[in-house]
Every structure is written in structure tokens, then in C-alpha cells.
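Asker: from the sequence below, what's the structure:
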Amino acid sequence: MPTPNVLIPEQVAFYREEGYLLLKGVFETGELTEFTREIDSILRHRADLVHADNMRARFRPHHLTSEPVFEVFDPIADLSPSAWSIAHDQRIRDRLHDLYGEPACLFKDKLIYKLPGATGTTLHQDWISWPDFPESFLTVVLPLDSFDESTGATEVFPGCHHQGYLSPKDGQHHYIELSDLPVDPVPLNMEPGDMAIFGCFLPHRSAANVSNHPRRGYFISYNAESDGGDQYQKHYPEYHAWIRKKTPEPRRSQLYFR
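Answerer: Predicted structure coming up:
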């Protein structure tokens, strides 16, 4: 199947060399209004989902008080029809097809609210050494608010994906030491309608949200069709089993997915 050629060759070459791509104005800001309304309504009216024992929800400590701050729903597409539609939008699929040279398959998705005060994410890579975890895994980021210095924009370390996986292949999630990377980070400063793409071996991090408003972003991950095909329904049971396994009792028996 020929590629759609939405991306120009220079963009494809940049992604392969640097490990990321930043695209401006892929969506009209008005197109995201319904999605924004849906996710705000979920957070406002489904308080039952925002619980530390719910494997859909995750929390971050406040950067000043260390009190837990709700951060993410993973997944979100089963709660929001707009999220499901966006994750399958042809404008995303065509660009990924240009990067892969073949169709992309949805792997997972999450909505990171990053409410005011939430700490950032420690330096890491997204790939994890589970059996059959796709090495073609990449993530598309769609900002619903400004991604900038004050809100804690994602920062990537260009070209470092060429070093491959930098942690032990033991099936666990690991953080990376900054001293192991030879380049300075690049912030993915974005506004609603923009889009960023980065691969699973590209180290990245983010700082705390020190602004007075959320830094909501839709993080959608895919794999190449030839690298495992459609794994979305398969991924989440495996992910939940991994969470349970690494959670000690008695809390393990309290975990659920809602």
C-alpha cells in the first residue's frame, strides 16, 4: 500500500534522525471543543473513577506539598466517543503511515490532565521489555491546553533513541540518569491543534505544572501493523496483570478497573 505522502521527505528524515516530530495546526482548535467538554464532564461527574485503587487512574504528588494530585485516566477512549474518534482520525493515521511505511494500529491511549501543582515525569523511555511489546511503539501527543515552561511541557532528548534501550530488560519500568545522555532537551511547546510524535526509545521527561490551570494532553500510542497488528484489546489485561503483580498485599487485592 503506498504511503499517503502527507509528510514531506524532510520531515520523515528528521523524525528518523532526531526521534520526534512537531507539527503545527494539524487540527482546528474548534474540533477539540467536544472532546474537551467530554473529558471535563467525566472528571466532574465521575468522581467514582478518581481513586487510587482504580487502575485506570494515576496520581502525582504536588510539587510543593507532596499531597497526591489526580493526573491521568488510562485509557480514556472507552469513556469518551470523541477520544475514540480522534485516535482513529485519518490525519493522524496518514502521518504515521508516512513514518512507518505501512498502516498504524492503535496500542493504547491516555488523557493526562496534569492539574496545577502536579509534578512532572521523571526521565524515561516508553519501551518496556515485555514479551511481544512492539519496538515500533510511538506516541502522538495532542495538547488541549498550552504546553510550555510554566505548565510542564514534555521535553525530548533528540537523537538519543539511536542508543536503543538504556535499562535492564527485566520487564520493569526504569528511569534514566541525565548524565547518560549527551544532548540537551528540547521542549515540545505546543498549542491546541498542534501535534507531536516521538518514538518509544526517545528519552523524555516533563517538569511540574506551576501555572494555575491544567495542562491537558491526549497521549495516543500506536505500533506498525507488521509489528503485532491490533493489540489495543490485548494490551490492557496484560497491563493490569503487570500492575497487580508489582503491587504488594494487602493493597493488591483492593485494585480494580472501572
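Asker: pLDDT weak spots in this protein?
Answerer: The model of the chain has pLDDT under 70 over residues 1-2.
Asker: what ranges do the strands span in it?
Answerer: In the chain, strands defined by DSSP state E lie at 20-23, 57-61, 68-73, 104-112, 138-143, 154-156, 186-187, 195-199, 204-206, 217-224, listed in chain order.
Asker: which other residues reach the third one?
Answerer: Right, the one you point to is strand 68-73. Around strand 68-73, the neighbours that count as contacts under CB atoms under 8 Å, 6 or more residues apart in numbering are 39, 42-43, 49-50, 52, 56-62, 79, 110-115, 117-119. For the C-beta atoms, the positions are set from N, CA and C on the backbone; glycine is no exception.
Asker: so how do I select the buried members of those in PyMOL?
Answerer: Of the contacts of strand 68-73, the buried ones go into a single PyMOL selection, burial set by 16 or more other CB atoms under 10 Å:
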select buried, resi 39+42+43+56+57+60+62+79+110+111+112+113+114+115+117+118+119
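Asker: hmm, back to that, distance to Glu238 for the strands of the chain - can I get that in CSV?
Answerer: Shown next, in CSV, are the strands of the chain (distance: least, CB to CB, whole Å):
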stretch, distance to Glu238
strand 20-23, 27
strand 57-61, 17
strand 68-73, 18
strand 104-112, 10
strand 138-143, 18
strand 154-156, 25
strand 186-187, 32
strand 195-199, 21
strand 204-206, 23
strand 217-224, 14
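Asker: could you point out which of those strands sits nearest Gln125?
Answerer: Each of the strands of the chain has some distance to Gln125 by CB to CB; the shortest is strand 204-206, at 7.8 Å.
Asker: what is the closest one packed up against?
Answerer: Contacts defined by 3 or more CB pairs under 8 Å, 6 or more residues apart in numbering; DSSP states H and E place strand 204-206 against strand 154-156.
Asker: which among the strands of the chain is found nearest to Trp84?
Answerer: The closest of those to Trp84 is strand 104-112. By CB to CB, the value is 8.5 Å.
Asker: picking that back up, which one of the strands of the chain lies nearest to Lys246?
Answerer: For Lys246, the closest of those is strand 57-61, at 13.9 Å, according to CB to CB.
Asker: adjacent strands (with direction) for the closest one?
Answerer: Paired strands of strand 57-61, with direction, are strand 68-73 (antiparallel) (DSSP bridges).
Asker: would you mark the buried spots in the strand it pairs with?
Answerer: For strand 68-73, the neighbour count (16+ other CB under 10 Å) marks Val69, Phe70, Glu71, Val72, Phe73 as buried.
Asker: between these, which is nearest Ser206?
Answerer: Using CB to CB, Glu71 comes nearest to Ser206 of the buried residues of strand 68-73, at 11.0 Å.
Asker: list the contacts for the closest residue to the closest one other than its chain neighbours?
Answerer: Distances taken as CB to CB, 6 or more residues apart in numbering place Arg60 nearest to Glu71, at 4.5 Å, with adjacent residues excluded. Arg60 sits next to Pro68, Val69, Glu71, Lys114, Ala118, Thr119 when contact means CB under 8 Å, 6+ apart.
Asker: on that earlier part again, for Gln163, find the nearest of the strands of the chain.
Answerer: Ranking the strands of the chain by proximity to Gln163 (CB to CB) places strand 195-199 first, at 12.2 Å.
Asker: list the helices and strands that closest one packs on?
Answerer: Short answer (3+ CB pairs under 8 Å, 6+ apart): strand 195-199 packs on strand 20-23, helix 90-100, strand 138-143.
Asker: each with direction, which strands does the first one pair with?
Answerer: It stands for strand 20-23. strand 195-199 (antiparallel).
Asker: distance from the strand it pairs with to the middle of the chain?
Answerer: 9 Å (CA atoms, centre = their mean, to the nearest Å).
Asker: got the contact list for that strand?
Answerer: Contacting residues not belonging to strand 195-199 are listed as 15, 19-23, 26-27, 92, 95-96, 99, 137-142, 154, 156, 161, 188, 190, 204 [CB under 8 Å, 6+ apart].
Asker: one more time with 7 Å
Answerer: Contact with strand 195-199 is made by 15, 19-23, 26, 138-142, 156, 161, 188, 190, 204, as judged by CB atoms under 7 Å, 6 or more residues apart in numbering.
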